[in-house]
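In: no sequence on this one, just coordinates:
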């Protein structure tokens, strides 16, 4: 009774991504809550950093990425809650679905959610900090997507780990934030260059740095994630 | 050390090459399951302690014992979800840890957890599994129909009763057409009609040549279904 | 000659550096002592 | 046997520490510009070196564990992480004590100090994870995974912080050292290394004992079936 040809790694990942996106759509109440949460954090940062608009203008890149970072902790924590309900993760492992495909799917689904959050935050930020994307929307979108990718890859590995450990809500940010400092540095720098112009043409190098992080974290996650899920 | 064990025991690449070289006939795997001195530990407690037993292929094993005796742990080990702390588990002659990827397509587990996504509909859950197995979605629909879930196939699993979720889990099990079916308390949450139907499914699986391991503390139902019996007491199999 | 002149102009050293030095070394030794103590307290009872 | 080896090594390390302390505080000449404050370098630099050494060794243990799991490798990784955290922690404090008189502030965004600080927080997370997972096997695998990711991340942090900081002013290069200072530094390095080995051996024994206690296989004899 050998089963007919099972789908390959990437096709399995595609099936699982569709499943995750469908799940996110079905529980979009949670996604909405996440978006409004990050909006409120953005407002909070603006108020906390003071009404002086020149300072807010300079800090706009940083506030955007801090808001996304906080939202990512919630999104990542949630992404494995749905897998733990009814032991669905074990069900996938037994299907069998290759754990690496599970990683790709989960990380891409989390990225999509974060990009959505970023997309909603951006217009609000442009208004709040009275900044405009002088280097063009295309580059801004590029930074947003690359940054969210660089957050989701290690985030997915760490949320899989902490979803089984005790006091997971503390453990995930504790593990994730130190790791994401270079990513946030690069993303915030690139974003503020987009807002304030790039006289010394550094945007390309910061974007390259961000792309480099992605290569490192995605390959690390791809290689190590099976060890996290398999007992 | 028989030739088969010799082949199975060598782990390194030469072993794998040797196994590939051995003609399958030489290796007619008589035993579907083998536990060699298996223990499993959670934190401080030993869920399974130094357990060894063998089950021939196509056989069916009734696993009895009070709650916490290690039944679920044993099934999860058989389902390759766990790695034993000590000892070795062999399924169809293959090591359940190193070769789980090749074993999993042939194993199905009906556990306490139903593996279902509450926010997806019954059909979406089954079609997801069918796609992962490389099977047409129609097969999932046919099984849903056969088990009386056709009418509510498009409703979210969240709205299902425990009995219906169990039935949906059975659909997932049958969809895999397993060579090894692991049933953990299958009669729980089922009304008498459901229990009779479940017994029929178990017989169907045995008839189809599958090896069945059925764990329950409702011995009266399992009695007629299984050829062999193993009683567990706090993780050990006391001498019969 | 100019070496000593050079040295003279360079004597703008930081005065009173010793307070920092003693705090640093004091901290180092106490840290070692405390950590050694904690390791000793947590030592396994019977030697493996 | 092992016990008195460890005691002998501890005594040797203590002797080395006192001798190196004498060299650093008394024997070595004061620095031309910074005067005596520069003596803090003899403890600050070796401490940071030991922290880096511990982090590298932790990474190696984590990688080895994933390929060839064994409780000794897992316990060794835990020992290196804690000892590294210890040396890095007070090494950073020494760095800021040194910074006050020389740069006027307790903290400068010097890439070395910053990446070490972030590394320490990461290893604190690593050790917290180890305490929050009960199952020994899972804890070992997951902390190995986390240890690898952190070890890959620390150099990345160093370079990105340097790049981020080089927008302002150049990284401060260590003071020029003349031969006598180098000798004092080397003796201090030796003393710190001896202590490092003593601490790791002690912490390894603690970790291994805990693992042994957690993973002892049950006795073969079966109780009377109830």
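Out: Yep, it's here. Predicted model only: the values in this text are computed from it and were never measured. Numbers count the residues shown, from 1 in each chain, chains lettered A, B, ... in the order given.
In: how about the top helix by length along chain D, does it get close to chain A?
Out: Taking DSSP state H as the criterion, chain D has its longest helix at helix D:179-215. No: Helix D:179-215 stays clear of chain A (CB under 8 Å from any CB of the partner chain), getting no nearer than 15.0 Å. No exception for glycine: its C-beta is placed from N, CA and C like everyone else's.
In: residues of that helix that come out buried?
Out: Of all the residues in helix D:179-215, those buried under the rule 16 or more other CB atoms under 10 Å in any protein chain shown are D:181, D:184-185, D:187-211, D:214.
In: Those: which ones sit near chain B?
Out: Counting by CB under 8 Å from any CB, residue D:214 from the buried residues of helix D:179-215 sit close to chain B.
In: helix or strand for residue B:61, which one?
Out: strand B:60-64 (DSSP states H and E).
In: same check, this time on residue D:120
Out: Residue-wise, residue D:120 maps onto helix D:111-132 under DSSP H and E.
In: so after that helix, what's the next helix or strand?
Out: helix D:136-165.
In: just checking, what packs against that following helix?
Out: Applying 3 or more CB pairs under 8 Å, 6 or more residues apart in numbering or on different chains; DSSP states H and E, one finds that helix D:136-165 contacts helix A:137-162, helix A:168-196, helix A:203-229, helix D:41-67, helix D:71-103, helix D:111-132, helix D:179-215.
In: quick check, the fifth one touching chain B?
Out: No: among the residues of helix D:71-103, none lie within reach of chain B under CB under 8 Å from any CB; the closest is 11.4 Å away.
In: now that helix, how far from the centre of its chain.
Out: Put simply, helix D:71-103 sits 4 Å off its chain's centre (CA atoms, centre = their mean, to the nearest Å).
In: OK, contacts around residue D:94?
Out: Counting by CB atoms under 8 Å, 6 or more residues apart in numbering or on different chains, residue D:94 makes contact with C:24, C:27, C:28, D:40, D:43, D:44, D:47.
In: Next, the buried residues of stretch A:126-135.
Out: For stretch A:126-135, by 16+ other CB under 10 Å, it's A:126, A:128, A:129, A:131, A:135.
In: just to revisit the earlier point, what angle do helix D:111-132 and the longest helix of chain D make with each other?
Out: In terms of direction (axes from the mean of the first three to the mean of the last three CA atoms, to 10 degrees), helix D:179-215 departs from helix D:111-132 by 20 degrees.
In: Quick one: list the elements packing against helix D:179-215.
Out: Using 3+ CB pairs under 8 Å, 6+ apart: helix D:179-215 touches helix C:18-41, helix D:2-22, helix D:41-67, helix D:71-103, helix D:136-165.
In: Just name the most buried of the helices and strands packed on helix D:136-165.
Out: Most buried of the helices and strands packed on helix D:136-165, by mean neighbour count (mean count of other CB atoms under 10 Å in any protein chain shown): helix A:137-162, with a mean of 24.
In: and that one, what does it pack onto?
Out: Secondary elements touching helix A:137-162 (3+ CB pairs under 8 Å, 6+ apart): helix A:53-84, helix A:99-128, helix A:168-196, helix A:203-229, helix D:136-165.
In: want to throw these into a markdown table with distance to residue D:77?
Out: Compiled in a markdown table, the helices and strands packed on helix A:137-162 are given as follows (distance: least, CB to CB, whole Å):
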| stretch | distance to residue D:77 |
| --- | --- |
| helix A:53-84 | 25 |
| helix A:99-128 | 23 |
| helix A:168-196 | 16 |
| helix A:203-229 | 14 |
| helix D:136-165 | 6 |
